[in-house]
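A.B. asks: here's a sequence, model it:
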Amino acid sequence: MRNWDYRYCWVRDATFTLYALMMGGYTTEAHAWREWLLRAVAGKPSQLNIMYGLSGERRLTELELDWLPGYEGSSPVRIGNAAYRQFQLDVFGEVMDALHLARKMGLEPDENAWHVQRALIDYLEVAWKDPDEGIWEMRGPRRHFTHSKVMAWVAVDRMIKAAECFGLHGPVEHWHGLRRAIHNDVCRRGFDHNRNCFVQHYEGKELDASLLMMPLVGFLPPHDPRVRGTVEAIERHLITNGFVVRYPTVQGIDGLPPGEGAFLPCTFWLADNLELLGRHDDALRLFERLLSLQNDVGLLSEEYDTVSRRLVGNFPQAFTHVALVNTACNLSRQTGPAADRSRN
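C.D. replies: Next up, the predicted model:
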């Protein structure tokens, strides 16, 4: 059942991809990526897709091809992806972060980018209060996912920084109030005081590896006791045979049958968090364990089956490789993406 068509471009990958390109000195490619992003997201903010075809296609109708057996019998075989119709709040933060990064890294200014951002933030001011399907494209009911709200905060935070650092026009004081309101809401409703950790969604008890993004995007400092408690809870409950799973699937919260492999991008995020917490040796060991999974030409998939010890899921997976590049920078440079992402 967990078998999806991934031949598309996800907006949230913009931030990770831009960082990886810029860290590697590929400014021409980063510039082209920004131009593609601006063209793809143009239009009404309420119509922002979470994903697009490579030429900017918006309608990606999902069909099941029941006459095909699938790779090693992994049916149903699907083309298209119904997730294009989902509301995922975090993509607003990803777009804002990507465009702010482009300015920080010295890419040639684009006046249209600020017009797009102003339209998006006006919509987000109301939409951030709504439940969504979340980063993992849940096919169950919409919820108030903690990671989604954190990324809404990121969207407002980057707007404030863009105005203050680059002299762009906007109601900055008003945005300060909005940023504060979202932050307070997340800390009040997304944190379990009894367990000393953030949870997957408001009024929930489940953990989620997406919570590892909180210090990476600057929502809270890595040494904040709530962040440390969340990282330690994920280490206790979401690690299987040395690798991180996204969330417990046994409860059926995602509307799908239980069971999936460990998620490699999330395992890289854990390594980033360990580095930020000063646990360099632990981070390096985890990074080297991930590198050991590469095939003979250095490629990785989306997931890893820790029982059969094989790469599974989408292969090769850009999301995984971009996470690898970012973690390598975090471990080998004084200031990598994890430390730099939220700075002015």
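A.B. asks: give me every residue that touches the closest residue to residue 267 other than its chain neighbours.
C.D. replies: Once flanking residues are discounted, residue 267 sits nearest to residue 244: 4.4 Å by C-beta to C-beta, 6 or more residues apart in numbering. C-beta here means a position set from N, CA and C on the backbone, and glycine is covered the same way. Residues in contact with residue 244, defined by C-beta atoms under 8 Å, 6 or more residues apart in numbering, are 209, 234, 238, 262, 263, 266, 267, 269, 270.
A.B. asks: any of these buried? List them.
C.D. replies: 209, 234, 238, 262, 263, 266, 267, 269, 270 (16 or more other C-beta atoms under 10 Å).
A.B. asks: show me those that map onto helices.
C.D. replies: Members of these lying in helices (criterion: DSSP state H): 234, 266, 267, 269, 270.
A.B. asks: and the residues you listed, which is closest to residue 76?
C.D. replies: Nearest to residue 76 among those: residue 266, at 25.6 Å, using C-beta to C-beta.
A.B. asks: you'd agree that closest one is up against residue 211?
C.D. replies: No. Assessed by C-beta atoms under 8 Å, residue 266 is found out of contact with residue 211, at 9.9 Å.
A.B. asks: the residue lying closest to residue 264 once chain neighbours are set aside: neighbour count?
C.D. replies: Nearest residue to residue 264, sequence neighbours excluded (C-beta to C-beta, 6+ apart): residue 320, at 4.6 Å. Residue 320 has 26 neighbours, counted by other C-beta atoms under 10 Å.
A.B. asks: now do the same contact list for residue 320.
C.D. replies: By C-beta under 8 Å, 6+ apart, the contact set of residue 320 is 264, 265, 268, 300, 301, 302.
A.B. asks: ok, now with 6 Å
C.D. replies: 264, 265, 300 (C-beta atoms under 6 Å, 6 or more residues apart in numbering).
A.B. asks: so can I have TSV of those residues showing distance to residue 152?
C.D. replies: Output for the contacts of residue 320, formatted as TSV (distance: C-beta to C-beta, whole Å):
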residue	distance to residue 152
264	26
265	21
300	30
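A.B. asks: from those, pick the one nearest residue 98.
C.D. replies: residue 265 (16.9 Å).
A.B. asks: residues contacting that closest one?
C.D. replies: Shown in contact with residue 265 (C-beta under 6 Å, 6+ apart): 319, 320, 323.
A.B. asks: so how far is residue 316 from it?
C.D. replies: In this view, residue 265 and residue 316 are 13 Å apart by C-beta to C-beta, to the nearest Å.
A.B. asks: can you check residue 145 too?
C.D. replies: In terms of C-beta to C-beta, residue 145 sits 28 Å off from residue 316.
A.B. asks: looking at the two, which one has more neighbours?
C.D. replies: Ranked by neighbour count (other C-beta under 10 Å), residue 145 and residue 316 place residue 145 first, with 28 against 15.
A.B. asks: contact partners for the more buried one?
C.D. replies: 134, 201.
A.B. asks: that one pairs with what?
C.D. replies: residue 201 (DSSP bridges).
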